[in-house]
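A.B. asks: build me a model from this:
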Amino acid sequence: MAAFRAVADGPDIIGASRPNMGTEHIVRSFAQELQRLSNLITQMGGVAEAQVEAAVKAVTRRDVGLASQVMQADARLDAY
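C.D. replies: Numbering: from 1, shown residues only. The predicted model follows:
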């Protein structure tokens, strides 16, 4: 008689080979989501860097108009 064990997606015969049952799809989807998040974080970093640069310019130049633009553009960063 074959021995059985419980696994996350149902019983399995010990020692029997079994197809991946969607594991490859899950791994691929996870990798794609990680890449999407990495791209998004990179974009956010670029926007934040530009905001900081503009804010420093506004302060050092005492440029109220530029400071106002920086504050208004902050919504773009918040949208991420």
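A.B. asks: so for stretch 42-60, mean pLDDT?
C.D. replies: When pLDDT is averaged over stretch 42-60, the result is 96.
A.B. asks: what's it in contact with?
C.D. replies: Residues from elsewhere that reach stretch 42-60 (Cβ atoms under 8 Å, 6 or more residues apart in numbering): Asp63, Val64, Leu66, Ala67, Gln69, Val70, Ala73, Asp74, Arg76, Leu77, Tyr80. Just so you know, the C-beta spots here come from the backbone N, C-alpha and C atoms, and that holds for glycine as well.
A.B. asks: one more time with 10 Å
C.D. replies: Stretch 42-60 has contacts (Cβ atoms under 10 Å, 6 or more residues apart in numbering) with 63-71, 73-74, 76-77, 79-80.
A.B. asks: tell me how many other residues surround Val70.
C.D. replies: Other residues lying near Val70 total 20 when counted by other Cβ atoms under 10 Å.
A.B. asks: when you give positions from now on, start the count at 10
C.D. replies: Yep, numbering from 10; the last one is Val79 now.
A.B. asks: thinking again about what came up before, show me which of the contacts of stretch 51-69 is closest to Val36.
C.D. replies: When these are compared for distance to Val36 (Cβ to Cβ), Tyr89 wins out at 26.4 Å.
A.B. asks: OK, contacts around the closest one?
C.D. replies: Leu49, Ile50, Gln52, Met53, Val56, Ala57.
A.B. asks: can you say which of those residues are buried?
C.D. replies: Buried members of the contacts of Tyr89, scored by 16 or more other Cβ atoms under 10 Å, are Val56.
A.B. asks: for the chain, which spans come out with low pLDDT?
C.D. replies: By pLDDT under 70, the low-scoring segments of the chain are 10-30.
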